[in-house]
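Novice: My questions concern the predicted model and sequence given below.
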Amino acid sequence: MSERKFRVLVGKPGLDGHDRGAKIIARAFRDAGFEVIYTGLHQTPEQIVAAAIQEDVDCIGLSILSGAHNTLLPRVCEILREKNAADIMIFCGGVIPDDDIPGLKKAGIREVFTPGTSTEAIVQWVKDNVKPRA
Amino acid sequence: MALAEKILEGDIRAAARLMRDIDDGFKSALDELKILYPHTGNAFIIGITGPPGAGKSTLVDQLTAVYRKQGKRVGIVAVDPTSPFTGGAILGDRIRMNRHADDAGVFIRSLATRGHLGGLSRSTMDVANVMDAMGMDIVIIETVGVGQDEVDIVRMAHSTIVVMVPGLGDDIQAIKAGILEIGDLFVVNKADREGADRTVRELATMLEMNQYKKGAWLPKVLRTEAHCNRGIEELVAEIEAHRSHLYQSGEIREFLQEKNARVFMDLLKERLFTEVFQHLHVNGRYRAILEGMAARREDPYSAVEKILAERFKGGD
Ligand SMILES: Nc1nc2c(ncn2[C@@H]2O[C@H](COP(=O)(O)OP(=O)(O)OP(=O)(O)O)[C@@H](O)[C@H]2O)c(=O)[nH]1
Ligand SMILES: [Mg+2]
């Protein structure tokens, strides 16, 4: 009876266009039995963190295409720390140059998935690396 | 410090965690809820129900903006369906409410139905109670978009808003039985769409055919265009009118009595069942009963009577 349900927030920070990638990954998580808090487009880092805290998610998956990843993603990590919520694991996917990945990881992004990674692989990675809260 | 004490001190993460414990059925959540209970009963609870895509979340967003301007704190519980096949869910109501996400005076929680019928999750009432204890002046509950007879929300909310859209045509006839009784207010949203006048008229006509007691609240039909903030002030005014009516007519006492009775009975049913049922599993008795039934050796009526007699012997 008392077993944790996995909860993940999927969103897309930044100002650019469509949310196809985010929707696909949201569906993949749902099909794997997760509860997905889907927040849609145009999220500010502040909004993402506030939503993650209110929803008590185990992890945050951000889709990003805008090229603003080097500012937006570290900012999300920074606010998580400010809000005492750095235990919420965060990963991202999108068109991200290889050279930027080490910097993002150092900032607190646990994993970066580049285009071509299957949704199955992403879901499996989360299952292997994130444990729902005790 | 227990979660409940932290919550009463304004700790947001503690509140979010308790909601999770409630949703996941953790026993410890009951102890926390016991501490919070004396601090509840202050929030005004608004329910919003209606068919999928009618604009419920958009309306919640606009109502929240109005209440925030009045300086009120707003809690929102938004329920979406769990997929029966995978047990997963996409909870997407926040999409329409993002502008309030990082407003410290607003707390939004998305819940999945997890197999519960009636338009809400089993945890909805308790999650709303946590928001109440957090000091939210208003708690808005958005049901799953099923549009049939979500009676659950009526028992929970002081004011229930039924949202319809133009062009449902004959569908209104089909679902009227369920919805006409549950609404304190009716909203035809997407009034920018063709056929809005007709839908308003049809609804109003059907409501007129309802029998109302003398002095009873007469539900009105309002029109809104939620996505561009039209008709929202009128809607808030009508909610306020309904709230005043509840208190001035004394109907609030009846409402609370029914609500409390329901809460108590639901809890009793659930706890009794789990108590008895868990006990059946310890010595493989449950399996034995099922096997007995399969072989027609034992009938379920006697089995239940036997168990109850054992469990509650000398009870009364
Ligand atoms: N034309 C028009 N569109 C509207 C209006 N209000 C909301 N919408 C749009 O209708 C769509 C659905 O709105 P939501 O608020 O998500 O509807 P909902 O009832 O919460 O949907 P579910 O939670 O999925 O059942 C969105 O694209 C809104 O922008 C309106 O008054 N007119
Ligand atoms: Mg909605």
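Specialist: Sure, I can see it. Residues are numbered from 1 along each chain as shown, chains lettered A, B, ... in the order given. Ligands and ions are numbered 1, 2, ... in the order given.

Novice: if I pick residue 6, what's in contact with it?
Specialist: With no chain named, the answer covers chain A. A:33-35, A:58, A:130, A:132 (Cβ atoms under 8 Å, 6 or more residues apart in numbering or on different chains). To be clear about C-beta, it is placed using only N, CA and C from the backbone, and glycine gets the same treatment.

Novice: I was thinking of chain B, sorry if that wasn't clear
Specialist: B:Ala14.

Novice: Shouldn't it be within a strand?
Specialist: No: B:Lys6 is assigned helix when assessed by DSSP: H, G, I helix; E, B strand; the rest coil, not a strand.

Novice: How much space separates it from B:Tyr37?
Specialist: With the distance defined as Cβ to Cβ, to the nearest Å, B:Lys6 ends up 16 Å from B:Tyr37.

Novice: from the stretch 201-316 of chain B, which residue is nearest to chain A?
Specialist: Closest residue of the stretch 201-316 of chain B to chain A, Cβ to the nearest Cβ: B:Thr274 (7.6 Å).

Novice: What count of nearby residues applies to that residue?
Specialist: 12 (other Cβ atoms under 10 Å in any protein chain shown).

Novice: and the longest helix for chain A?
Specialist: Scanning chain A for the helix with the most residues, using DSSP state H, yields helix A:69-82.

Novice: Show me what counts as buried in the next helix or strand after that one.
Specialist: Sequence order places strand A:89-94 as the next helix or strand after helix A:69-82, per DSSP states H and E. For strand A:89-94, burial by neighbour count (16 or more other Cβ atoms under 10 Å in any protein chain shown) applies to A:89-94.

Novice: can you put the residues you listed in TSV and add pLDDT?
Specialist: What follows is the buried residues of strand A:89-94, written out as TSV (pLDDT from 0 to 100):
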residue	pLDDT
A:Met89	95
A:Ile90	96
A:Phe91	96
A:Cys92	94
A:Gly93	91
A:Gly94	89
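
Novice: if we look at ligand 2, which of those residues are close to it?
Specialist: Among the buried residues of strand A:89-94, proximity to ligand 2 is found for none (Cβ under 5 Å from the ion).

Novice: Of those residues, which pair is most distant in space?
Specialist: A:Met89 and A:Gly94 (17.4 Å; Cβ to Cβ).

Novice: Return the residues in contact with the residue in the stretch 101-250 of chain B that ligand 1 sits nearest to.
Specialist: Residue nearest to ligand 1 within the stretch 101-250 of chain B: B:Gly145 (2.7 Å; Cβ to the nearest ligand atom). B:Gly145 makes contact with B:50-54, B:56, according to Cβ under 8 Å, 6+ apart.

Novice: Return the backbone torsion pair for B:Ala89.
Specialist: phi -160, psi 150 (degrees, to the nearest 10).

Novice: So which residues of chain A form strands?
Specialist: A:7-13, A:35-43, A:59-64, A:89-94, A:111-113 (DSSP state E).

Novice: quick one: low-confidence parts of the chain?
Specialist: If you meant another chain, say so; for now it's chain A. Along chain A, segments meeting pLDDT under 70 span A:1-2, A:66.

Novice: Chain B, not that one
Specialist: In chain B (pLDDT under 70), the answer is B:1, B:146-150, B:168-178, B:314-316.

Novice: mind checking how far the residue in chain A that ligand 1 sits nearest to is from A:Arg30?
Specialist: For chain A and ligand 1, the shortest gap (Cβ to the nearest ligand atom) falls at A:Gly40, measuring 10.2 Å. Noted for A:Gly40: a distance of 15 Å to A:Arg30, by Cβ to Cβ.

Novice: can you check B:Ser83 too?
Specialist: 6 Å.
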